[in-house]
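Undergrad: Predicted model and sequence below, questions to follow.
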Amino acid sequence: MTRTWTLTVASALPMLNLNQRHHWAKKAQLTKHWRALALTNAMDADLPRNLSRVHIVAHVIKPTNRQYDVHNLMPTLKACVDGLVSDYGLLPDDTNAHLIGPDLRQGGKGDPAIVLTITELPPCD
């Protein structure tokens, strides 16, 4: 039986974007914020720890229907994955042996958030 969890990571602070040219301190502050937010949300959702392997799909919710390149938000997703893996302990590591993805998708219009769908996979041989 496949287990799946959904985790919504939302913030009033802006998402990190590959096109931004923030000062390193501002970028570090935003990265730390999104990473900590993912950790807190994982604890609140009581996600399992020490899973062997998962696939993560991330749907990005934006406040408008304007066109955008969803892949430009990869730095935000990386911070969230680091919060889940390195800080929370969802997986032993975020290498390809344990993590498929994360795959970014446009998630429609709404309050800004990243909705993570985490699906447990059988271990690799």
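TA: Structure's in. What do you need? Numbers count the residues shown, from 1 in each chain.

Undergrad: all contacts plus neighbour counts: C-alpha atoms, from now on.
TA: Will do.

Undergrad: okay but Leu30 is in contact with Leu16, surely?
TA: Yes: shown here, Leu30 and Leu16 form a contact pair, counting by CA atoms under 8 Å, at 7.0 Å.

Undergrad: Touching the lengthiest strand in the chain from outside, list them.
TA: Taking DSSP state E as the assignment, the strand of the chain that covers the most residues is strand 99-109. Identification of contacts with strand 99-109 by CA atoms under 8 Å, 6 or more residues apart in numbering yields 53-65, 70-71, 74, 77, 93.

Undergrad: Show me how far that strand is from its chain's centre.
TA: 9 Å (CA atoms, centre = their mean, to the nearest Å).

Undergrad: got any ranges where this structure has weak pLDDT?
TA: The model of the chain has pLDDT under 70 over residues 125.

Undergrad: about what we covered before: tell me which strands the longest strand of the chain pairs with, and in which orientation.
TA: Strand 99-109 has its sheet partners listed here by DSSP bridges as strand 54-62 (parallel).

Undergrad: CA atoms of the partner strand as CSV?
TA: This file holds the C-alpha atoms of strand 54-62, laid out as CSV (Å, rounded to 0.1, in the frame of the first residue of the first chain):
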residue,chain,number,x,y,z
VAL,A,54,9.9,9.2,-1.6
HIS,A,55,8.7,11.2,-4.7
ILE,A,56,7.9,14.8,-4.1
VAL,A,57,5.6,16.9,-6.4
ALA,A,58,5.3,20.6,-5.5
HIS,A,59,2.4,22.7,-6.7
VAL,A,60,3.1,26.5,-6.6
ILE,A,61,0.1,28.6,-5.7
LYS,A,62,0.4,32.2,-6.8
